[in-house]
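> 3D model of this:
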Amino acid sequence: MASVAKLFDGHILNKENQEIDLNNEKYKGKVFGFYFSAHWCLPCRIFTPKLIEFYKKHTEDKNFEIIFLSSDSDEESFDEYYKDMPWLKLDYKDQEKKEELENKFGVNGIPKLILIDGDTGDILCNDARDQIQNRDKQGEHFPWKDSKDKKDESSCILI
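Numbering: from 1, shown residues only. Got it, this is the predicted structure:
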């Protein structure tokens, strides 16, 4: 039973807009990436193609899944931005849940990629974006653990 499932109470959709059950056996043992991002954010649009490439390369061999949590201001922008993303999404209509998770994980700027142990719900890495962009582009040390030696990155501040 995936602890990540408890965070969402449903509302996670696949590419076909079908609700998925994170308690399903196929999600057992997965590392989840919570990807906080938005179409209007330039650093997000620069990072997203890198994340898509990383995901396509490693989703199977690293037992890795991503859930997109949008900070877009309207559903049309959300849909336009999400169309090229190959992973799961939090239903855009559930902005309350997205804000709750932003608060829980201390998200104050985007893009933000947080790695979560799907079974325990524990944070593995609070800045996986830095790992993919700078430190371990090939994912050799995935899943990463938090580093005390952090580098400042450009991001869009959430207000």
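
> which residues touch I46?
I46 makes no contacts at all, as judged by C-beta atoms under 8 Å, 6 or more residues apart in numbering. From N, CA and C alone the C-beta is placed, and that goes for glycine too.

> buried ones in the longest helix anywhere in the chain?
Taking DSSP state H as the criterion, the chain has its longest helix at helix 42-58. Within helix 42-58, the residues scored as buried using 16 or more other C-beta atoms under 10 Å are 43-44, 47-48, 51, 54-55, 58.

> contacts for the following helix or strand past it next, please.
Following helix 42-58 in sequence order, the next helix or strand is strand 64-70 (DSSP states H and E). Applying C-beta under 8 Å, 6+ apart, the set of residues contacting strand 64-70 from outside is 8, 12, 27, 30-38, 51, 55, 58-59, 78, 81-82, 85, 87-90, 92, 98, 101-102, 113, 118, 142-143.

> mind checking which of those are in helices?
Counting by DSSP H, the contacts of strand 64-70 contribute 8, 51, 55, 58, 78, 81-82, 98, 101-102 to helices.

> any idea of the mean pLDDT for the longest helix of the chain?
Here helix 42-58 scores 96 as its mean pLDDT.

> can we start the residue count at 57 from this point?
Sure, I'll start numbering at 57, so the last one becomes helix 98-114.

> make sure G66 is indeed in a helix.
No - counting by DSSP: H, G, I helix; E, B strand; the rest coil, G66 is not part of a helix but coil.

> what about it, neighbour count?
Residues lying near G66 (other C-beta atoms under 10 Å) number 13.

> so who does it touch?
G66 neighbours (C-beta under 8 Å, 6+ apart): E75.
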